[in-house]
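K.L.:
need a 3D model of the following:
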Amino acid sequence: MSLADRIEQQFIHSVATKQAALSAMAAPIEAAVRLMVASLQAGGKIMACGNGGSAADSQHFSAELLNRFEKERPPLAAMALTTDTSTLTSIANDYRYEEVFSKQVTALGRAGDVLLAISTSGNSPNVIEAIHAAHAKDVRVVALTGKGGGKMTELLAADDIHLCVPAERTARIQEVHLLAIHCLCDGIDALILGETT
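P.N.:
From the prediction side, this is the model:
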């Protein structure tokens with residue numbers, strides 16, 4: 001297979017994965033948007049966490065809310081739990097890496113907040129610990145996963161929301177995660193700005 005053919009295959013597989021994800025994820029994304037808007041309008045905040053590419057997605061999501069997505073509007077309360085190196089490294093060094101997000105959720109989370117927990121496999125131990133901490137603080141969870149949702153599927157409460165990409169390949173899952181994040185940002189803006197109901 002030529003390099004050009006490989007590149008074409010990447011695009012074809014990405015489009016096919018996104019088409020499959022549409023039917024599986026549209027309704028839960030809408031539910032997540034409504035949950036997040038309700039939290040923000042009640043004075044809550046959205047915390048986001050993940051590792052590697054999912055850490056970057058956490059930061060991307062937070063930046064789109066704190067600053068703006070595509071339209072002008074007041075800043076929204078969001079924070080990525082992946083950005084403070086002193087906090088992350090002190091927790092990992094003094095305790096366990098599995099607690100780098102959960103300790104932050106325990107300290108900063110308030111009833112009515114939302115945790116966006118991102119893991120392509122659904123098995124990231126520190127994201128799982130963050131979900132436990134969120135439940136202990138009455139923080140609702142929106143889980144963004146793939147590969148069937150992994151261990152996170154079993155941990156979600158009845159009022160949590162699971163956005164699971166119906167795919168196994170990490171690159172394809174991450175591409176849909178970014179699209180889902182943009183859908184969340186667009187939907188949040190549309191509801192807050194009164195452009196949709």
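
K.L.:
which strand is the longest one in the protein?
P.N.:
Secondary structure of the chain per DSSP state E: the longest strand is strand 140-146.

K.L.:
which elements pack onto whichever helix or strand comes after that one?
P.N.:
Next along the chain after strand 140-146, taking DSSP states H and E as the criterion, comes helix 152-155. Under the contact criterion of 3 or more C-beta pairs under 8 Å, 6 or more residues apart in numbering; DSSP states H and E, helix 152-155 touches helix 125-136, strand 140-146, strand 161-165. Bear in mind the C-beta positions are built from the backbone N, C-alpha and C, glycine included.

K.L.:
one more time with 10 Å, if that's ok
P.N.:
Contacts defined by 3 or more C-beta pairs under 10 Å, 6 or more residues apart in numbering; DSSP states H and E place helix 152-155 against strand 114-118, helix 125-136, strand 140-146, strand 161-165.

K.L.:
closest one to Ala21 among the ones you listed?
P.N.:
Nearest to Ala21, of all those, is strand 161-165, at 5.4 Å by C-beta to C-beta.

K.L.:
alpha carbons of the closest one, as CSV, please.
P.N.:
Provided in CSV are the C-alpha atoms of strand 161-165 (Å, rounded to 0.1, in the frame of the first residue of the first chain):
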residue,chain,number,x,y,z
ILE,A,161,-24.0,10.0,31.5
HIS,A,162,-21.9,7.8,29.4
LEU,A,163,-20.6,9.0,26.0
CYS,A,164,-19.0,5.8,24.6
VAL,A,165,-17.5,5.8,21.1
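
K.L.:
can you check what angle separates it from strand 114-118?
P.N.:
With axes from the mean of the first three to the mean of the last three C-alpha atoms, to 10 degrees applied, the angle from strand 161-165 to strand 114-118 works out at 20 degrees.

K.L.:
okay, now the sheet partners of strand 161-165, with direction.
P.N.:
In the sheet containing strand 161-165, its partner strands are strand 140-146 (parallel), by DSSP bridges.

K.L.:
quick one: average confidence on the strand it pairs with?
P.N.:
For strand 140-146, mean pLDDT is 98.

K.L.:
chain center to that strand: distance?
P.N.:
Computed by C-alpha atoms, centre = their mean, to the nearest Å, the chain-centroid distance of strand 140-146 equals 6 Å.

K.L.:
got the angle between that strand and helix 125-136?
P.N.:
Angle, strand 140-146 to helix 125-136, by the same axes, to 10 degrees: 160 degrees.

K.L.:
list of residues touching stretch 190-197?
P.N.:
Contacts of stretch 190-197 with the rest of the structure, by C-beta atoms under 10 Å, 6 or more residues apart in numbering, involve 33-34, 36-38, 40-41, 69, 71-74, 76, 186-187, 189.

K.L.:
which of these sits closest to Cys49?
P.N.:
Of all the contacts of stretch 190-197, the one with the least separation from Cys49 (C-beta to C-beta) is Met36, at 15.1 Å.

K.L.:
quick one: contacts for that closest one?
P.N.:
Neighbouring residues of Met36 by C-beta under 10 Å, 6+ apart: 44-46, 65, 76, 78, 113-114, 116, 140, 142, 161, 184-185, 187-188, 191-192.
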